[in-house]
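Asker: got a predicted structure here, sequence first:
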Amino acid sequence: MPAEHLARFLSARWGEPVSITGLKRFHGGSARQTYRFDAIGASGRREALVLRRDPPSSLIETDRLAEYRAIACFAGSDVPVPEPIFCDPGPDSFGSPGFLMREVPGGAAAGLLEPEPYGEHAAAIGQKFFTAMGRIHAADPAGASLPAMAPADAAAARLAHWQAAFRADAFRPEPLVDAAFRWLAAHLPPPPARISIVHGDYRSGNFLHDGAGRLLAVLDWEMVHPGDAHEDLAWACDPLWSNFSGRPAASLPLAQAITAWETASGLTINPESWRWWRLFAQVQGLVIWISAAREILDGRSHDPVLMFAGTIPYRFHSLTLAHSLEGLN
Amino acid sequence: MSLPLPVLLHALAAAQAAEVAPALQLLGQPGAPDANYAGGTAATSALILMIAAAEIAAVPAREAACAAAARPLVGAAAAGRDARAAALGQLLAAGDARALSLLKAEAQAEWQVLAGLMLPPPVPVE
């Protein structure tokens, strides 16, 4: 990403010559390329900004406008998000579709394999993490410009979405995924009490914290959609995101996490839905990891992050899914 | 792993040239735009190389054990991961719990390769 490109764009937007310093690309995040930089105007105006734009090859195909609108929906609310600035759904501004946000200073995100990423603040982080999720689910989906959806369609729509992705990207027999899809289709959960804003990738690693128990910003909204709040809850509590701790999001015990979510959302967990969405979470994960591997297989990417997705998380979810299928009837 | 090993090795070789080598050139230049990205790319690539090496060492014994375990159930289709998976999948679709047990055992054996890289087994969240 050339700094000249950003300087040209911001100079036109600010109405004064702008220079760019401190341009840095963040590692990971294969659904977007993410850069931070300082923009300095001739007048002395200075802003620390973050650009997220589409890469040539992505882990998942997503809609950048939907992500931007979701962030804008919660800007200034009690759900911490970066301040959105500008979105271009075309390639004119940033070379590919993308958007600008203000940088959240002093934040860190947990790594997938990092043991106890929140240290002594794990319980405090977990309380805030699951409370913020509940607040997202309490919000009106229309505020994020999400399309209307009938509650009865929530599970079937997501199932169809990932079945289609699986059909498109699977390149070798996946009998565990096939079996799970069969069970999910035959045991659709009851409709949710209401349609919620579903973040779609709400988990440890997708938020910034200050290292002292404070949640600074919920990130990575690229998979946002209307749906059943159980979907986010099950994904956030999937063992893959527990850093091998046995606690959801490597934070607080499961019962406390659910209580925090119920209190903030005004929703009550439905055991039947919970069971269904927990299996669904593993299947969704496996399809994402298979799609990542397919990018490599087809030569569309040589990104080691996609190779990682196609190895460690793939094997993790293959094993947990086999265990889960044994427990079904 | 989901990626067949030859494909992974081929992609890794391409990644060294296209992504990792250029990234390594940036590691000593903190002011370079992609220096941060470079460190992560190089580290992830190193991890994948370790997995690939462990996989190469583990495949013969694992394949022989999984094929031997599945042969009484699926016969000649037991040889080769994909043929075995397809045959066990057909049995699983018909409700044969033994097929699921074999698929789980193979998933455990595949995870065991990662245990050599100090990754613990998945821990349930309950």
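Answerer: Structure received.
Asker: just to be sure, A:Val104 is in a helix?
Answerer: No. Read with DSSP: H, G, I helix; E, B strand; the rest coil, A:Val104 is coil and lies in no helix.
Asker: per-residue confidence for it?
Answerer: If you check A:Val104, the pLDDT there is 96.
Asker: number of residues surrounding it?
Answerer: Neighbour count of A:Val104, defined by other Cβ atoms under 10 Å in any protein chain shown: 19. Placement of C-beta: from N, CA and C, glycine included.
Asker: contacting residues for it?
Answerer: A:82, A:208, A:216-217 (Cβ atoms under 8 Å, 6 or more residues apart in numbering or on different chains).
Asker: for PyMOL, write the select line for the buried members of those residues.
Answerer: Applying 16 or more other Cβ atoms under 10 Å in any protein chain shown to the contacts of A:Val104 leaves a buried subset, and the PyMOL line that selects it is:
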select buried, chain A and resi 82+208+216+217
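Asker: which of the contacts of A:Val104 sits closest to chain B?
Answerer: Within the set of these, A:Leu208 lies nearest chain B; the separation is 15.6 Å, counting by Cβ to the nearest Cβ.
Asker: re the thing from before, among the contacts of A:Val104, which are in strands?
Answerer: A:208, A:216-217 (DSSP state E).
Asker: break down the stretch 51-200 of chain A into its helices, ranges please.
Answerer: Counting by DSSP state H, counting those that start in this stretch, the segments of the stretch 51-200 of chain A that form helices are A:64-74, A:122-138, A:154-169, A:175-186.
Asker: could you give the angle of the shortest one to helix A:122-138?
Answerer: What separates the directions of helix A:64-74 and helix A:122-138 is an angle of 100 degrees, with axes from the mean of the first three to the mean of the last three Cα atoms, to 10 degrees.
Asker: number of nearby residues for the closest residue to chain A within chain B?
Answerer: Distances between chain B and chain A by Cβ to the nearest Cβ are smallest at B:Gly40, namely 2.5 Å. Other residues within reach of B:Gly40, judged by other Cβ under 10 Å, total 18.
Asker: do the one 3 residues further on as well
Answerer: Applying other Cβ under 10 Å, we find 14 residues neighbouring B:Ala43.
Asker: for the lowest-mean-pLDDT helix or strand in chain B, buried residues please.
Answerer: Ranked by mean pLDDT, DSSP states H and E, the weakest helix or strand in chain B is helix B:21-26, scoring a mean of 78. Residues B:23, B:26 are the ones in helix B:21-26 that count as buried (16+ other Cβ under 10 Å).
Asker: now the element after it, going C-ward?
Answerer: Next in sequence after helix B:21-26, counting helices and strands by DSSP states H and E, comes helix B:35-74.
Asker: show me how far the helix or strand just after that following helix is from its chain's centre.
Answerer: Later in the chain than helix B:35-74, the nearest helix or strand by DSSP H and E is helix B:81-93. Mean-position distance between helix B:81-93 and its chain equals 19 Å (Cα atoms, centre = their mean, to the nearest Å).
Asker: tell me the angle helix B:81-93 makes with helix B:35-74.
Answerer: 60 degrees.
Asker: say whether chain A is contacted by helix B:81-93.
Answerer: Yes. Contact of helix B:81-93 with chain A (Cβ under 8 Å from any Cβ of the partner chain) involves B:81-82, B:85-86, B:88-89, B:92-93.
Asker: extract the residue ranges of chain B that are flagged as low pLDDT.
Answerer: Along chain B, segments meeting pLDDT under 70 span B:1, B:30-35.
Asker: if you could redo that for the stretch 51-200 of chain A, that was the one I meant.
Answerer: Within the stretch 51-200 of chain A, the segments meeting pLDDT under 70 span A:56-62.
Asker: which bits of it sit near chain B?
Answerer: For the stretch 51-200 of chain A, the residues found near chain B under the criterion Cβ under 8 Å from any Cβ are A:113, A:172-176, A:178-179, A:182.
Asker: rerun at 10 Å
Answerer: Proximity of the stretch 51-200 of chain A to chain B (Cβ under 10 Å from any Cβ of the partner chain) is limited to residues A:111, A:113, A:115, A:170-179, A:182.
Asker: tell me the contacts of A:Ile290?
Answerer: Taking Cβ atoms under 10 Å, 6 or more residues apart in numbering or on different chains as the contact definition, A:Ile290 lies against A:165-166, A:168-172, A:174, A:177, A:297, A:309-310, A:314, A:317, B:2-3.
Asker: check which residues of the helix or strand harbouring it are buried.
Answerer: Per DSSP H and E, A:Ile290 falls inside helix A:271-297. Neighbour-count burial for helix A:271-297 flags A:273, A:275-297 (criterion: 16+ other Cβ under 10 Å).
Asker: quick check: angle from it to helix A:154-169?
Answerer: 20 degrees.
Asker: quick one: average pLDDT of helix A:271-297?
Answerer: For helix A:271-297, the mean pLDDT works out to 97.
Asker: could you point out which element follows it?
Answerer: Scanning forward in sequence from helix A:271-297 by DSSP H and E, the next helix or strand is helix A:304-309.
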